[in-house]
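[1] here's a sequence, model it:
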Amino acid sequence: MITIKEIAAQLNMSTTTVSNVIHGKTGEVSPQTIERVQEFLKKVDYVPNINARNLAQNKSGIIGFAMKARADKYSNLLTDPFVSEMVGGIEAAVRKAGYFMMIYISSDIGEIMRRVSTWNVDGLLLFGMLDDDGIRVSEKYKKPIVCIDTYSIEGLKHFTNVGLEDEKGAYDMAKYLIDNGHRKIAFISDNKKGVDLARFMGYKKALAEAGIKFKEEDFLQIRPHPSEVEQSLDEICQKAKNYTAIMCVSDLYAVMLMAALYDRHIDVPGDVSVVGFDDNDLGRYHRPALTTVHQDVKAKSVKAAETLVKIIKGELGPNNQIKFPTELVIRDSVKKLN
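    Below is the predicted model:
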């Protein structure tokens, strides 16, 4: 690869002049000189050495994105509609800001910690952190960090979290079901941690305000691993007859449930109403179309990436809690009982 020094020698110019043209600093360079340099660059098919430039500026030009994927849930995290939409939003924002993105996915937080501690990246995005995962990562990585949908960031002074009004969104949906005459309402999730716990608490809050007593059997735990999901759905469908409505922690689980109910000749919403959370394409195109809680996944993802870039550039301090609002999307999967 030809160097700036070699280009300057062949054009009989200073290396500073050539470098200024290459990097767009042309305020004190004549139009004729700019044209001459640019024509030569095209002739030799010159490609700037980004690594060398970043090294000189003491940065990598790379943003890391570490995602924890539960081994009991995902064989491929990127097949989840929410995750794929999130990754797409982040990649577009990172590219627009002039950075590259490096992704690492693992179910082992220890492995994530070992990897990120060796990364020469300017900042780090974290997703899927539960319990003390975020704290453990921060012990190894001291540069700017922005979390997405993380509820375990207390005491982490250099953390920023971009999340959602999860509890309120779930509360609003449960209240909508209650206002439509439903009092036997189940809740489906695969755990009671992080985002899922927040949504579960919103559901319970709405029930309590309506004088509806929650019983532990009203929490229907789905086992999402491919080897267990069918049996798990069969068990849930057997219990569905005890409820007039089932509230799912995500659109993915709502659509999985509706398909399982359909296969067993249980009508939605005639026999049981089903609602979701996220408002992705799965629910929009299913029939009956899914009543759900809308969140703007792309806007949230872009905000996380843009916030990290601002922190890296010193334009924003850490410890900002950013929460996006939710709204109900009423479609066809809920039956009015009153």
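[2] contacting residues for residue 120?
    Taking Cβ atoms under 8 Å, 6 or more residues apart in numbering as the criterion, residue 120 is in contact with 60, 62. Glycine gets a C-beta too; all of them are placed from N, C-alpha and C.
[3] the helix or strand hosting residue 111: which residues count as buried?
    Secondary structure from DSSP states H and E places residue 111 in helix 109-116. Along helix 109-116, these residues count as buried under the neighbour rule (16 or more other Cβ atoms under 10 Å): 109, 112-113, 115-116.
[4] which one of the residues you listed is nearest residue 18?
    Checking those against residue 18 by Cβ to Cβ gives residue 116 as the nearest, at 37.6 Å.
[5] ok, now how distant is the residue nearest to the closest one when sequence neighbours are not counted from residue 218?
    Of all residues not flanking residue 116 in the chain, residue 141 sits nearest, at 5.0 Å (Cβ to Cβ, 6 or more residues apart in numbering). To residue 218, residue 141 is 40 Å away according to Cβ to Cβ, to the nearest Å.
[6] with distance to residue 245 and pLDDT as new columns, can the buried residues of helix 109-116 be given to me in a markdown table?
    Output for these, formatted as a markdown table (distance: Cβ to Cβ, whole Å; pLDDT from 0 to 100):
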| residue | distance to residue 245 | pLDDT |
| --- | --- | --- |
| 109 | 36 | 85 |
| 112 | 38 | 86 |
| 113 | 42 | 84 |
| 115 | 43 | 83 |
| 116 | 42 | 81 |
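[7] going by distance to residue 184, which of those residues wins?
    Minimum distance to residue 184 across the buried residues of helix 109-116 is 38.5 Å, recorded for residue 109 (Cβ to Cβ).
[8] how much space between that closest one and residue 197?
    18 Å.
[9] got the buried residues for stretch 326-338?
    So, applying 16+ other Cβ under 10 Å, buried residues of stretch 326-338: 326, 328-329, 331, 333-335.
[10] swap in stretch 294-314?
    Quick answer for stretch 294-314 (16+ other Cβ under 10 Å): 294-297, 300-312.
[11] so where do the helices sit in this structure?
    4-11, 15-22, 31-44, 50-56, 81-96, 109-116, 133-140, 166-179, 194-209, 229-240, 251-263, 281-285, 297-312 (DSSP state H).
[12] contacting residues around residue 289?
    Contacts of residue 289 by Cβ under 8 Å, 6+ apart are 283, 331-333.
[13] show me where this protein dips below the pLDDT cut-off.
    48-59, 152-158, 318-319 (pLDDT under 70).
[14] centroid-nearest residue for it?
    residue 86 (4.1 Å; Cα atoms, centre = their mean).
[15] right, and that residue touches residue 297 too?
    Yes - judged on Cβ atoms under 8 Å, residue 86 makes contact with residue 297 at a distance of 5.6 Å.
[16] number of residues surrounding residue 31?
    8 (other Cβ atoms under 10 Å).
[17] renumber starting at 119 from here on
    Yes, from this point I'll number from 119; that puts the last item at residue 149.
[18] ok, back up a step: and the residue nearest to residue 234, how many neighbours does it have?
    23.
[19] so what's it up against?
    By Cβ under 8 Å, 6+ apart, the contact set of residue 259 is 234-235, 237, 242.
[20] I figured residue 243 hits residue 266, correct?
    Yes - counting by Cβ under 8 Å, residue 266 is a contact partner of residue 243 at 6.6 Å.
[21] which neighbours do those two have in common?
    In contact with both residue 243 and residue 266: residue 422, using Cβ under 8 Å, 6+ apart.
[22] of those two, which one has the most company?
    residue 243 (26 against 23).
[23] not counting its neighbours along the chain, what's nearest the more buried one?
    residue 183 (4.5 Å).
[24] ok, that neighbour touching residue 239?
    No - with contacts counted by Cβ under 8 Å, residue 183 stays clear of residue 239, the gap being 9.2 Å.
[25] name the residues contacting each of the two.
    Going by Cβ under 8 Å, 6+ apart, residues that sit against residue 183 and also against residue 239 are residue 220.
[26] ok so, going back, quick one, which of the helices of the chain is nearest to residue 190?
    Nearest of the helices of the chain (Cβ to Cβ): helix 347-358, 10.7 Å.
[27] now the angle between helix 369-381 and that closest one, please.
    Calculated by axes from the mean of the first three to the mean of the last three Cα atoms, to 10 degrees, helix 347-358 forms an angle of 70 degrees with helix 369-381.
[28] for helix 347-358, which helices and strands make contact with it?
    The contact analysis (3 or more Cβ pairs under 8 Å, 6 or more residues apart in numbering; DSSP states H and E) places helix 347-358 against strand 303-307, strand 337-339, helix 369-381.
[29] what pairs with the first one, parallel or antiparallel?
    Strand 303-307 has the following sheet partners, assigned by DSSP bridges: strand 337-339 (parallel), strand 363-366 (parallel).
[30] which of those strands is buried the deepest?
    strand 363-366 (a mean of 29; mean count of other Cβ atoms under 10 Å).
[31] gap between stretch 442-450 and the chain center?
    Chain-centre distance of stretch 442-450: 18 Å, with Cα atoms, centre = their mean, to the nearest Å.
[32] my guess is residue 317 meets residue 306, correct?
    No - Residue 317 lies out of contact with residue 306 (Cβ under 8 Å); the separation is 10.5 Å.
[33] anything in contact with each of the two?
    In contact with both residue 317 and residue 306: residue 367, using Cβ under 8 Å, 6+ apart.
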